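A.B. asks: Give me coordinates for this.
(chains A and B)
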Protein chains: 2
Amino acid sequence: MTRPLVLGLDIGGTSSRVLLADLDGRRIGSGTAPGGNPTAHEASKAFDAVEQALRGALAGTDPALVTAAVVGMAGVGRLADPTVRGQFEAMWHRVGLRCAYQAIPDAVVAFAAGTPAPDGSLLLAGTGAIAAEIRNHRLGRIADGHGWLLGDLGSGFWLGREAVRTALSHLDGWTTVSLLVPRLLGELLGGVPDPGRDAVIAVVNAVRRDSPVALARFAPLVCQTAADGDPVAQDIIERAVGHLLDAAGRVRDSTTPPDRPLVLAGSLLVVNTPVSVAVRAGAAQHWPDAEVTLASDGAAGAAWLAALSLPDPPPGARLHSWLVSSG
Amino acid sequence: MTRPLVLGLDIGGTSSRVLLADLDGRRIGSGTAPGGNPTAHEASKAFDAVEQALRGALAGTDPALVTAAVVGMAGVGRLADPTVRGQFEAMWHRVGLRCAYQAIPDAVVAFAAGTPAPDGSLLLAGTGAIAAEIRNHRLGRIADGHGWLLGDLGSGFWLGREAVRTALSHLDGWTTVSLLVPRLLGELLGGVPDPGRDAVIAVVNAVRRDSPVALARFAPLVCQTAADGDPVAQDIIERAVGHLLDAAGRVRDSTTPPDRPLVLAGSLLVVNTPVSVAVRAGAAQHWPDAEVTLASDGAAGAAWLAALSLPDPPPGARLHSWLVSSG
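C.D. replies: I've put the predicted structure just below:
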């Protein structure tokens, strides 16, 4: 007798995760690989990473047993390009998959990884930042998510950039008494130079050596320094939290039923950072009737959505708690 | 009898200008070429452009007659690299120049292109933005000038980015009633799409097709739309002016003698844009005793500084007015 299986994929810019599960919520296999997002990477290389993660999850299982799959992906619109879609489907068949798949925005998967509810709102802050209203597992209104050049206010990139700005202002002679400046300069330059234009230029050049989005690597340092009581780092965190709550407030306004859940996702919000603590405090104040939950593994959220898409889906909330919460 | 000549170079990221003049302020030759800045371009290619501008200015003149030269350059620190300096000097000799040259920051040249005074302050807003205190033709305190990724608040880049942000917010459904949004979308996408996430992604992708700093190309559109009375564009201009006056105020504080001149430079400030009008109004209010002047041709400012560097310099202010003001 065949046991129908479902497959969930969470394909990001820095990692690709796949979960294979059965309808009792058992995790049959999982795989991870580098980023497989065709917006961030060249498509054929991106899908090599997805293939690697899929093969990891399917190892020892007949791929023909998979009956439903959900692919959560940032920049899912890239699959509208026939060439890109063709490359994805060729890879899909190469690993032996025969079932159809639904490609959906990563924000919808992140929401599903935090709640079994079909409606609510999502606030995600990792390298980037976005807030979204979710209606029946689909995207409603969106705020931000525009990328580091045009937005992502309050994101990890934003925190890192503000930290470097503080250091530059200090080096220009507008002295900042803060733990943050020496720590940041130590990490960026390997030491703390005397203030002056040469030091400013050294910082600007050191930042230019990496891609702009790599500024997100300083977000943990800002969080740690704020946690150590540094008022300058705390001010940056406070402004980030202001931006994030503003984005959440845009998608969660007076027309939103007050008990709709709010799911927090992304590396800045799902672990105990000062950003997460302050966002949760702000959310409790603004939306006291909402359940605020933390998103779990996106691949589990995607697998759960795949199960829901079956003609005769299993009980949603129970499967959700098995699959997602036990991750 | 030989007539001593001086040479001024203003080497930017997008254009290189050279002026050859005599000590009576006569313009003997001039040359222009694409950007020759070794920070923005590969050094040997950058100096090919400088060579082209030099050859234009020296055409028909014996280069041995040049007795002094000043090279104004953004990122002048690059010449501290022995390889880069060697490439520059090889080019210098290739065109037949035998005199020494002084390499100085472009901000000092821009200041000299606006006033014969040795001390004062400069506010420059073009693609980027910087404010600097000038003391005896040298850089003193500096505010901003950190480049588009880390600063340049109120610059042409900044104006363009804010305009795109306004359009994105509109397309996300936070309707903006403004002339700016349809004009910007028309220029960026060739038409005005219906609001929605697909349109947002189209805008983000269209911006990504060019380098980030190319967002400065929308600055004239923001200025024009503000001049047409659009309150949204006017609000962007007002915030830009706030940033620029803030930078000027940082380098021009209570310790600055109130009659020190303020030179305005850069494409946003030397022509009659709404930014320029508002900056001048703000400057008149904050620093009523300062003469506010507009920078003229940077190459003329550099040639004037070259004349000043001679052992027996000609009368500075008179030569300045001949060379710079008659440009």
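
A.B. asks: can you give me the strands in the stretch 101-250 of chain A?
C.D. replies: Here the stretch 101-250 of chain A has its strands, by DSSP state E, counting those that start in this stretch, at A:102-105, A:120-125, A:129-135, A:138-144.

A.B. asks: Could you measure from A:Val324 over to A:Ala303?
C.D. replies: Plainly put, A:Val324 is 9 Å away from A:Ala303 if you go by Cβ to Cβ, to the nearest Å. C-beta coordinates here come from the backbone N, C-alpha and C atoms, glycine included.

A.B. asks: again but with A:Val95, I slipped
C.D. replies: 16 Å.

A.B. asks: what about those two, which has more around it?
C.D. replies: Set A:Val95 next to A:Ala303 and count neighbours by other Cβ atoms under 10 Å in any protein chain shown: A:Ala303 wins out with 36 against 16.

A.B. asks: quick one: A:Trp92 and A:Ala103 touch, right?
C.D. replies: No: in this structure A:Trp92 lies outside contact range of A:Ala103 using Cβ atoms under 8 Å: 10.8 Å.

A.B. asks: quick one, which of these two is more surrounded?
C.D. replies: Set A:Trp92 next to A:Ala103 and count neighbours by other Cβ under 10 Å: A:Trp92 wins out with 21 against 18.

A.B. asks: Contact partners for the more buried one?
C.D. replies: Applying Cβ atoms under 8 Å, 6 or more residues apart in numbering or on different chains to A:Trp92 gives the contacts A:Tyr101.

A.B. asks: Would you mind naming what in the stretch 101-250 of chain A lies close to chain B?
C.D. replies: Residues of the stretch 101-250 of chain A lying near chain B by Cβ under 8 Å from any Cβ of the partner chain: A:139, A:141-143, A:146-147, A:149-151, A:161, A:164-165, A:168, A:172-174, A:197-198, A:200-201, A:204, A:207-208, A:212, A:250.

A.B. asks: show me what contacts A:Ser299?
C.D. replies: Careful, residue A:299 is Ala and not Ser. Counting by Cβ under 8 Å, 6+ apart, A:Ala299 touches A:Gly8, A:Leu9, A:Asp10, A:Arg17, A:Val18, A:Leu19, A:Ser30.

A.B. asks: Check the residues you listed for burial and list the buried ones.
C.D. replies: Neighbour-count burial within the contacts of A:Ala299 applies to A:Gly8, A:Leu9, A:Asp10, A:Arg17, A:Val18, A:Leu19, A:Ser30; the criterion is 16 or more other Cβ atoms under 10 Å in any protein chain shown.

A.B. asks: which residues pair with A:Thr32 across the strands?
C.D. replies: Beta-bridge partners of A:Thr32, counted by DSSP bridges, are A:Arg17.

A.B. asks: tell me the pLDDT at it?
C.D. replies: Listed pLDDT for A:Thr32 reads 94.

A.B. asks: My read is that it contacts A:Ala53, right?
C.D. replies: Yes: using Cβ under 8 Å, A:Thr32 and A:Ala53 qualify as a contacting pair, with a distance of 5.7 Å.

A.B. asks: Need the residues touching each of the two.
C.D. replies: A:Ser16, A:Arg17, A:Val18.

A.B. asks: Is the first one in contact with A:Ala53, as I believe?
C.D. replies: Yes: A:Ser16 lies in contact with A:Ala53 (Cβ under 8 Å); the separation is 4.4 Å.

A.B. asks: Please identify every residue contacting each of the two.
C.D. replies: Common contacts of A:Ser16 and A:Ala53 (Cβ under 8 Å, 6+ apart): A:Leu9, A:Thr32, A:Ala33, A:Gly36.

A.B. asks: higher neighbour count, A:Thr32 and A:Ala53?
C.D. replies: A direct count of neighbours by other Cβ under 10 Å for A:Thr32 and A:Ala53 places A:Ala53 higher, at 25 against 16.

A.B. asks: Please work out which residues outside whichever helix or strand that one is part of touch it.
C.D. replies: In this assignment (DSSP states H and E), A:Ala53 forms part of helix A:43-58. Helix A:43-58 has contacts (Cβ under 8 Å, 6+ apart) with A:7, A:9, A:11, A:16-20, A:28-38, A:40-41, A:66, A:78, A:83-84, A:87-88, A:91, A:94-97.

A.B. asks: just checking, A:Trp158 touches A:Gly242?
C.D. replies: No: in this structure, A:Trp158 is not within contact of A:Gly242 by Cβ under 8 Å, at 11.3 Å.

A.B. asks: Looking at these two, which has the bigger crowd around it?
C.D. replies: The neighbour comparison of A:Trp158 against A:Gly242 (other Cβ under 10 Å) goes to A:Trp158, with 27 against 14.

A.B. asks: distance of that one from B:Arg208?
C.D. replies: Distance of A:Trp158 to B:Arg208, computed by Cβ to Cβ: 18 Å.

A.B. asks: With A:Asp228 instead?
C.D. replies: A:Asp228 is 37 Å from B:Arg208, where distance means Cβ to Cβ.

A.B. asks: count of neighbours near A:Gly282?
C.D. replies: As a burial measure, A:Gly282 scores 17 neighbours (other Cβ under 10 Å).

A.B. asks: do A:Ala307 as well
C.D. replies: 26.

A.B. asks: quick one: the helix or strand where it lies to chain centroid distance?
C.D. replies: A:Ala307 is part of helix A:298-308, with elements assigned from DSSP H and E. Centre-to-centre, helix A:298-308 and its host chain are 16 Å apart (Cα atoms, centre = their mean, to the nearest Å).

A.B. asks: quick one: buried residues of that helix?
C.D. replies: A:Gly298, A:Ala299, A:Ala300, A:Gly301, A:Ala302, A:Ala303, A:Trp304, A:Leu305, A:Ala306, A:Ala307, A:Leu308.

A.B. asks: Likewise for stretch A:303-322?
C.D. replies: A:Ala303, A:Trp304, A:Leu305, A:Ala306, A:Ala307, A:Leu308, A:Ser309, A:Pro314, A:Leu319, A:His320, A:Trp322.

A.B. asks: what's the spacing between stretch A:134-141 and its chain's center?
C.D. replies: Chain-centre distance of stretch A:134-141: 17 Å, with Cα atoms, centre = their mean.

A.B. asks: now A:Pro34: how far from chain B?
C.D. replies: Look at A:Pro34 and chain B: by Cβ to the nearest Cβ, to the nearest Å, they are 21 Å apart.

A.B. asks: Report how many residues lie close to the residue nearest to that residue when sequence neighbours are not counted.
C.D. replies: In this structure, A:Pro34 finds its nearest non-sequential neighbour in A:Ala49, 4.8 Å apart by Cβ to Cβ, 6 or more residues apart in numbering or on different chains. A:Ala49 is flanked by 19 other residues according to other Cβ under 10 Å.

A.B. asks: got a pLDDT number for A:Ala49?
C.D. replies: According to the prediction, A:Ala49 has pLDDT 93.

A.B. asks: A:Asp24 now?
C.D. replies: pLDDT for A:Asp24: 86.

A.B. asks: Can you point out the helix or strand that includes it?
C.D. replies: Following DSSP H and E, one finds A:Asp24 outside all helices and strands.

A.B. asks: Run through the residues that contact it.
C.D. replies: So A:Asp24 contacts A:Pro314, A:Trp322 (Cβ under 8 Å, 6+ apart).

A.B. asks: what about A:Asp228, how many neighbours?
C.D. replies: Neighbour tally, A:Asp228, other Cβ under 10 Å: 12.

A.B. asks: so it sits right up against A:Leu179, yeah?
C.D. replies: Yes: assessed by Cβ under 8 Å, A:Asp228 is found in contact with A:Leu179 at 6.3 Å.
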